[in-house]
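Asker: Following is a predicted model, sequence given first.
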Amino acid sequence: MKANVLVGQAGGPSAVINASLAGVIAEAQQQPHTGSILGMRYGIEGFMEGAVTDLTDFPAGRLDLLRLTPGSALGSCRYKLQDADLPEIRRLLEKHNIGYFFYIGGNDTMDTICRIESYCKETGYDLTGVGVPKTVDNDLFATDHTPGYPSAARYVAMSVKQSARLACDMQRVDRFTIFQTVGRDSGWLAAASALAATHPGDPPHLIYVPERPLTRERVAEDVRRVIERYGWAFIVTGEGVVWEDGTPVSASAVRDGFSNVEFGATAGTAAAIALHQLVTSRLGYRGEFQIPESLQMCASDRVSEQDRKEAEEVGREAVRLAVKGVSGQMVTIGRGPGETYVPAYGTAALAEVARNTRPVPAEFLTQGHVTPAFLDYLRPLVGELPEFEVLP
């Protein structure tokens, strides 16, 4: 009897996560060794409640639409798997005759599939588990970049490019603007805002990332210096920036089931608000803050087409690997040889991905900004941005 397929999504959404789901479904439909294709509603949490949907005969036309749909079509969760859950999960896997398990998500998702795959192996149940990468944070270990990040980076760069025009035109009213991106432990998205600049001196003038701790004195001096030079300042901050003593600039102390700080969980605690208050109190300037929150995770109107193609391909590659007997791995994306960007797909052990994160490398960062090497890294992933007219 053919083994059935189980696929789910977890963690925060992205504008292209459903392209990965479509890739899993489409490839599994073509494989002679796979049976029914079941989707977990609301991730592993929903699966334990018996919430599954049959995707076996999902029509090709609807797959085309699914590829373009933002958010997590199956529904997501942030459930912290407990050891006590594992026997029940195995029972349900047996009940549904699941032989192939694909979970689309980030570090915590890879931890979940890793533990389930390992438990099944230890207890004699034949389960092939492959992780499908996704996170707008771009901090997954062992991959050049993660599906979802290029589209979120494009959203940030375009938002900053447009917002900066507003801020420049309104500098006689608000002398500074602080724009906040998501990124709990890494500054990949905040750094992406640098693509908004076309000419020297273009905003963003300052970029603050979690990898480079701040002092209140440095922030005040940075903003003062920029305003003196340009007459106004545009600052981008990652939500997870910290002070030199390691405490979050955000005042939030709310944590999820994986002990991750949820920076958007409490009103009025965002890093952008704290920095806004600091600049106003130290320098006396009026300014504004902009916090798009989850919009950068699901803006289908600003998707990177390269990102969407790669998101579908990692889903397809996960199925190809699984039917060959590869298990306990996550699909990775590398760069092929040569100057022209070409994606190259590989694998990394789920256990390694679950244990490690990938911060922005030091060679991509300067004091308060990014290096040309980072822009070279990012441009082929994001694509061209529009240009705007600037009057003399």
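Answerer: Structure received.

Asker: where does the residue most central in space within the chain fall, helix, sheet strand or coil?
Answerer: Nearest to the geometric centre of the chain sits V136, at 1.4 Å (CA atoms, centre = their mean). At V136 the chain is in coil, as set by DSSP: H, G, I helix; E, B strand; the rest coil.

Asker: Roughly how far does it sit from A152?
Answerer: Distance, V136 to A152, by CB to CB, to the nearest Å: 4 Å. C-beta coordinates here come from the backbone N, C-alpha and C atoms, glycine included.

Asker: Over to G183?
Answerer: Distance from G183 to A152, counting by CB to CB: 9 Å.

Asker: And for S36?
Answerer: Taking CB to CB, one finds S36 at 33 Å from A152.

Asker: If you count surrounding residues, which of these two has more?
Answerer: A152 (34 against 18; other CB atoms under 10 Å).

Asker: what residues do V136 and A152 have in common as contacts?
Answerer: 14, 182, 189, 296-297 (CB atoms under 8 Å, 6 or more residues apart in numbering).

Asker: Just the residues you listed: which are in strands?
Answerer: Using DSSP state E, no member of the shared contacts of V136 and A152 falls in strands.

Asker: Would you reformat those as CSV and include pLDDT, distance to M158 and neighbour count?
Answerer: Below are the shared contacts of V136 and A152 laid out as CSV (pLDDT from 0 to 100; distance: CB to CB, whole Å; neighbours: other CB atoms under 10 Å):
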residue, pLDDT, distance to M158, neighbour count
S14, 95, 16, 34
V182, 92, 16, 25
L189, 98, 13, 28
Q296, 88, 10, 24
M297, 89, 15, 25
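
Asker: Mind checking which of the residues you listed land in helices?
Answerer: L189 (DSSP state H).

Asker: Tell me which stretches of the stretch 151-300 of the chain form strands.
Answerer: Remark: strands assigned in the stretch 151-300 of the chain by DSSP state E, counting those that start in this stretch are 176-181, 206-208, 233-238, 287-290.

Asker: Nearest to T357, out of those?
Answerer: strand 233-238 (13.8 Å; CB to CB).

Asker: The closest one - what's its average pLDDT?
Answerer: For strand 233-238, mean pLDDT rounds to 98.

Asker: Tell me the strands beside that strand, with direction?
Answerer: Strand 233-238 has the following strand partners under DSSP bridges: strand 176-181 (parallel), strand 206-208 (parallel).

Asker: Just the buried positions in the longest helix seen in the chain, please.
Answerer: Scanning the chain for the helix with the most residues, using DSSP H, yields helix 149-169. Buried positions in helix 149-169, judged by neighbour count with 16 or more other CB atoms under 10 Å: 149-161, 163-164, 167-168.

Asker: quick one, phi psi at the residue nearest to the centre of the chain?
Answerer: The phi/psi pair for V136 (degrees, to the nearest 10) reads phi -70, psi -20.

Asker: Same list (the shared contacts of V136 and A152) but as JSON lines, adding distance to Q277.
Answerer: Below are the shared contacts of V136 and A152 laid out as JSON lines (distance: CB to CB, whole Å):
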{"residue": "S14", "distance to Q277": "31"}
{"residue": "V182", "distance to Q277": "21"}
{"residue": "L189", "distance to Q277": "23"}
{"residue": "Q296", "distance to Q277": "23"}
{"residue": "M297", "distance to Q277": "26"}
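
Asker: Which one of the shared contacts of V136 and A152 is nearest to D174?
Answerer: Nearest to D174 among the shared contacts of V136 and A152: Q296, at 22.1 Å, using CB to CB.

Asker: how close does G35 sit to G124?
Answerer: Taken as CB to CB, the span from G35 to G124 is 21 Å.

Asker: So for the two, which residue has more residues nearby?
Answerer: Set side by side, G35 and G124 show more neighbours around G35, with 18 against 7, by other CB under 10 Å.

Asker: on contacts alone, who are the packing partners of the host helix or strand of the more buried one?
Answerer: Element membership of G35 [criterion: DSSP states H and E] is strand 34-40. With contacts defined as 3 or more CB pairs under 8 Å, 6 or more residues apart in numbering; DSSP states H and E, strand 34-40 has these neighbours: strand 3-9, helix 17-30, strand 52-54, strand 98-105.

Asker: Tell me the strands beside it, with direction?
Answerer: Paired neighbours of strand 34-40 in the sheet (DSSP bridges): strand 3-9 (parallel), strand 52-54 (antiparallel).

Asker: of all these, which gets the most neighbours per residue?
Answerer: strand 3-9 (a mean of 25; mean count of other CB atoms under 10 Å).

Asker: And the contacts of that strand?
Answerer: Residues contacting strand 3-9 (CB under 8 Å, 6+ apart): 17, 21, 24-25, 28, 33-40, 43-44, 46-47, 52, 55, 72-76, 93, 96-105, 126, 134, 319.

Asker: Narrow those to just the buried residues.
Answerer: The buried subset of those (16+ other CB under 10 Å) comprises 17, 21, 24-25, 28, 34-40, 43-44, 46-47, 52, 55, 72-76, 93, 96, 98-105, 134, 319.

Asker: Can you tell me the element E312 falls in?
Answerer: Here E312 is assigned to helix 305-323, by DSSP H and E.

Asker: Can you pull out the low-pLDDT segments for the chain?
Answerer: 251-268 (pLDDT under 70).

Asker: What is the burial count for A344?
Answerer: 11.

Asker: what is it paired to in the beta sheet?
Answerer: A344 has these beta-bridge partners by DSSP bridges: G334.

Asker: my read: it touches I333, true?
Answerer: Yes. Between A344 and I333 there is a contact under CB atoms under 8 Å: 7.3 Å.
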